[in-house]
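Student: With the sequence up front, the predicted model follows.
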Amino acid sequence: MKLNHSISKMTLGTVQLGLDYGIANNEGKPDEEKAFRILDSALGAGVNCLDTAAGYGDSEKVIGKYLADCNKRRSDISIVTKFKLGNISSSEVEIVMMRSVEKSLKNLNTDYLDILLMHDSKEFSTFGNKITKVFENLLDKGIIKVAGASCYGFGEIEAMLRNDIYHAFQIPVNILDMRITKGDGIGRLNNKLVFARSVFLQGLFFLNPANLKGNLSEIGKYLAAINEVAGEMNISVAQLAVQYVKSLKYVDSLVIGADNPEQVSENAKLLDSKPFNLEILKSIEEKLMGAPDWLFMPSVWDKQTK
């Protein structure tokens, strides 16, 4: 099956609707009224894709209730959700996947999923054939329209790119994280549906380097460099971060979350800008390259920032 429409250049990340999330988020998880206003703001700004996951607290349920209450056609909104298998045996793959899908359908108040992704693409190396068969079944029955995976590195999805069943991929990429952008296999993503996440690296780019503690204090120089580049270009750090990723030809949509409705509108406006040309892209990459790989794994951050 195919999606009902092309995906908007911005996809609303909704982990904030279900969990306290983001190192620069001082507002916490929104209540239902505020969450609905965030969703309203996104759809009003032309965003037609919502990114969630079974592991994002009650994000799916919030979206499902919104879909039931709002005056929007389901076919006008694409929903991306994700599943994890966890510590199971090969014989349990089908039942665990199907239970997750059934729960997501119920939570989201829908009878189909536009895009279903493996939340942990490393599980493919263990259960690849089993996962593929379940995806085939889900696609054949019209329960999902597109299958794919979310990853931390290109190597995790390389085998999937050989199978046409896997069409959508969510990857980390930003002005410091150039691992996939500069990798040898980047051309193989050109005919896929690619979502870029971690565009602001959980909001880290907006913090004052002087306030970083623990291992994060080591990357203050990169934050300073980001601010310097943005200053030289006479644009904000947010504009630099969004415009850089938007300019990468293999990226179809940027997954950007928001703590409040105003942020949604601001982020959507950032995407109205023209892409950088190749010369500017190269200059940015030369000035900002070299950040350590551990920085792109928030699970290892020392998150004291005050």
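Tutor: Cool, the structure landed.

Student: what residue ranges in this protein score low on pLDDT?
Tutor: For the chain, the stretches with pLDDT under 70 are 1, 21-27, 303-306.

Student: for the stretch 201-306 of the chain, what spans make up the helices?
Tutor: For the stretch 201-306 of the chain, applying DSSP state H, counting those that start in this stretch gives helices covering 220-233, 237-246, 261-270, 278-288.

Student: Now do the longest one and helix 278-288, the angle between them.
Tutor: The reference is to helix 220-233. 150 degrees (axes from the mean of the first three to the mean of the last three Cα atoms, to 10 degrees).

Student: hmm, who's touching helix 220-233?
Tutor: 175-176, 204-205, 207, 209-210, 212, 236-237, 239-241, 284, 287-288, 290-291, 295 (Cβ atoms under 8 Å, 6 or more residues apart in numbering). Glycine gets a C-beta too; all of them are placed from N, C-alpha and C.

Student: re the thing from before, would you format the helices of the stretch 201-306 of the chain as JSON lines with distance to Lys29 and mean neighbour count included?
Tutor: As requested, the helices of the stretch 201-306 of the chain are exported to JSON lines (distance: least, Cβ to Cβ, whole Å; neighbours: other Cβ atoms under 10 Å):
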{"stretch": "helix 220-233", "distance to Lys29": "26", "mean neighbour count": "16"}
{"stretch": "helix 237-246", "distance to Lys29": "22", "mean neighbour count": "22"}
{"stretch": "helix 261-270", "distance to Lys29": "15", "mean neighbour count": "18"}
{"stretch": "helix 278-288", "distance to Lys29": "32", "mean neighbour count": "14"}
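
Student: possible to save these as a markdown table with distance to Leu43?
Tutor: Shown next, in a markdown table, are these (distance: least, Cβ to Cβ, whole Å):
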| stretch | distance to Leu43 |
| --- | --- |
| helix 220-233 | 29 |
| helix 237-246 | 19 |
| helix 261-270 | 9 |
| helix 278-288 | 31 |
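
Student: need the helices for the stretch 1-150 of the chain, in chain order.
Tutor: When assigned using DSSP H, counting those that start in this stretch, the helices of the stretch 1-150 of the chain occupy the ranges 15-18, 32-44, 59-69, 93-108, 124-140.

Student: could you dump stretch 286-305 to CSV, C-alpha only?
Tutor: In CSV, the C-alpha atoms belonging to stretch 286-305 read as follows (Å, rounded to 0.1, in the frame of the first residue of the first chain):
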residue,chain,number,x,y,z
GLU,A,286,34.3,21.7,8.0
LYS,A,287,33.8,24.1,10.9
LEU,A,288,31.6,21.7,13.0
MET,A,289,33.1,18.3,12.3
GLY,A,290,34.9,16.2,14.9
ALA,A,291,32.4,15.8,17.7
PRO,A,292,32.8,12.4,19.6
ASP,A,293,30.4,9.6,18.8
TRP,A,294,29.3,9.2,22.4
LEU,A,295,27.7,12.6,22.2
PHE,A,296,25.1,11.2,20.0
MET,A,297,24.0,8.7,22.6
PRO,A,298,21.9,10.6,25.2
SER,A,299,21.8,7.6,27.4
VAL,A,300,25.4,8.1,28.4
TRP,A,301,25.1,11.9,29.1
ASP,A,302,25.7,13.3,32.5
LYS,A,303,22.6,15.5,32.4
GLN,A,304,23.3,18.0,35.2
THR,A,305,23.0,21.3,33.5
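
Student: Can you give me the neighbour number for Ala149?
Tutor: 23 (other Cβ atoms under 10 Å).

Student: In contact with it, which residues?
Tutor: Residues near Ala149 by Cβ under 8 Å, 6+ apart: 117-118, 121, 124, 156-157, 160, 166, 169-170.

Student: can you name the two of those that are farthest apart?
Tutor: Maximum pairwise distance in these, criterion Cβ to Cβ, is 13.9 Å, between Phe124 and Gln170.

Student: So between the two, which is more surrounded?
Tutor: Gln170 (28 against 22).

Student: Just to be sure, the more buried one is in a strand?
Tutor: Yes: according to DSSP: H, G, I helix; E, B strand; the rest coil, Gln170 belongs to a strand.
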